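> Provided below are the primary sequence and the corresponding predicted coordinates.
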Amino acid sequence: MTGIGNCALDLLAGLDRYPGPDERVTARRILEQGGGEAATAMVTLARLGISTAFIGKIGDDWAGAAIRQGLEAEGVDASGLVVEPGRRSLFSFIAVENATGRRTIFSGRTTTRLKPSELARDFPGSSEVVHLDQRETRAGPRAAARARRAGARVTLDVDRFEPATLKLVRATQVVLASGDFGRQAGPDPLAAAARVRELGPETVVFTYGDRGALVSGREGAFFQPAFRVRPVDTTGAGDVFRGAFIYGLLQEWPLERTARFASAAAALKCTRPGGRTGIPGLERVILFLEERRNQARPRPLRPGDPG
């Protein structure tokens, strides 16, 4: 399993309230850990017991070294990281509201996008699935084409419905998109999912945070409600959902089982601070699902559902 895209170093501060201009507040906790959409999805899969690798760009700075160390500590093969001399790795400061788990993200970098020539010659190797995020619009289409020629499935994490990302969508078999992407594709969520599937993907998922997710595929369309938990920090929940959804694909589960498993993993992540601290292992997700066997069952889309 290989992920390609964003990797970051996150500094997270837990605040009782978000400050106004010229105000100073005390952080209840401060955490430093790795982040990034595709990178966190790979960490999720590693914790679920899947062998994973990650390809992305970092600078030759302290943040880049910490990003590599964080991936390797999780058992993710980081040998595909490309180091760009004189550039600054993606660094994010994240302010988290303690009462709600909601967060505000400030980020920046000077690293450039991955070039197709920077993919390893033996890519994708033995990977059964290659997961992309919308960051790598240059190397992504080439990576997807090489993966599909090698017999691997291609999944995509995407937020923006625009020409550069639609090129990635056309090269992808499973689109794991935000609700914003779905709304950009059309006002009716089912019609929007059908429109995206017409571009080539066999499965389309729109995620709506703590409200749930819409799933459309060959088995039909349904809504997966979110599990109700007391949120501590929602940072990375969507990335964890995507990683856990890919786990279900690797197990060849039906879409309803896959979506419910992914929803459980994302909910558990939100019960602990940090984008990766709360990512659960397989046994924890299974136990959670057993305890809540009658909750958050997949169902047909209803009026009033996100869209």
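Perfect, I can see it now.
> ok now the helix or strand that contains residue 196, how far from the chain's centre?
In this structure, residue 196 sits in helix 189-198 according to DSSP states H and E. Put simply, helix 189-198 sits 21 Å off its chain's centre (C-alpha atoms, centre = their mean, to the nearest Å).
> In the sheet, which strands lie alongside the helix or strand containing residue 154, parallel or antiparallel?
Per DSSP H and E: residue 154 is located in strand 153-158. Sheet partners assigned to strand 153-158 using DSSP bridges are listed as strand 129-133 (parallel), strand 174-178 (parallel).
> The helix or strand following that strand: how far from the chain's middle?
As assigned by DSSP H and E, the chain's next helix or strand after strand 153-158 is helix 163-170. Between the mean C-alpha location of helix 163-170 and the chain-wide mean there is a distance of 17 Å, by C-alpha atoms, centre = their mean.
> Stretch 55-68 now?
On C-alpha atoms, centre = their mean, the centre of stretch 55-68 falls 19 Å from the chain's centre.
> repeat for stretch 143-155
19 Å.
> And stretch 262-280, by the same measure?
12 Å.
> Residue 205: what secondary structure?
strand (DSSP: H, G, I helix; E, B strand; the rest coil).
> Quick check: it touching residue 178?
No - here residue 205 does not reach residue 178: they are 9.8 Å apart, not a contact under C-beta atoms under 8 Å. Every residue, glycine included, has its C-beta placed from N, CA and C.
> For the stretch 51-200 of the chain, which segments count as strands?
Along the stretch 51-200 of the chain, the stretches classed as strands by DSSP state E, counting those that start in this stretch are 53-55, 57-59, 82-84, 91-97, 103-108, 129-133, 153-158, 174-178.
> and the ones you listed as JSON lines, adding mean pLDDT, mean neighbour count and distance to residue 227?
Formatted as JSON lines, those follow (pLDDT from 0 to 100; neighbours: other C-beta atoms under 10 Å; distance: least, C-beta to C-beta, whole Å):
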{"stretch": "strand 53-55", "mean pLDDT": "97", "mean neighbour count": "28", "distance to residue 227": "28"}
{"stretch": "strand 57-59", "mean pLDDT": "97", "mean neighbour count": "24", "distance to residue 227": "34"}
{"stretch": "strand 82-84", "mean pLDDT": "97", "mean neighbour count": "17", "distance to residue 227": "37"}
{"stretch": "strand 91-97", "mean pLDDT": "90", "mean neighbour count": "19", "distance to residue 227": "20"}
{"stretch": "strand 103-108", "mean pLDDT": "90", "mean neighbour count": "13", "distance to residue 227": "19"}
{"stretch": "strand 129-133", "mean pLDDT": "97", "mean neighbour count": "28", "distance to residue 227": "23"}
{"stretch": "strand 153-158", "mean pLDDT": "98", "mean neighbour count": "25", "distance to residue 227": "21"}
{"stretch": "strand 174-178", "mean pLDDT": "98", "mean neighbour count": "26", "distance to residue 227": "18"}
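> closest one to residue 256 among those?
strand 174-178 (15.0 Å; C-beta to C-beta).
> and the closest one, C-alpha only, in CSV?
Extracted C-alpha coordinates of strand 174-178, given in CSV (Å, rounded to 0.1, in the frame of the first residue of the first chain):
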residue,chain,number,x,y,z
VAL,A,174,-12.3,5.3,-5.8
VAL,A,175,-12.9,9.0,-4.9
LEU,A,176,-13.0,9.9,-1.2
ALA,A,177,-14.1,13.5,-1.4
SER,A,178,-15.1,16.2,1.0
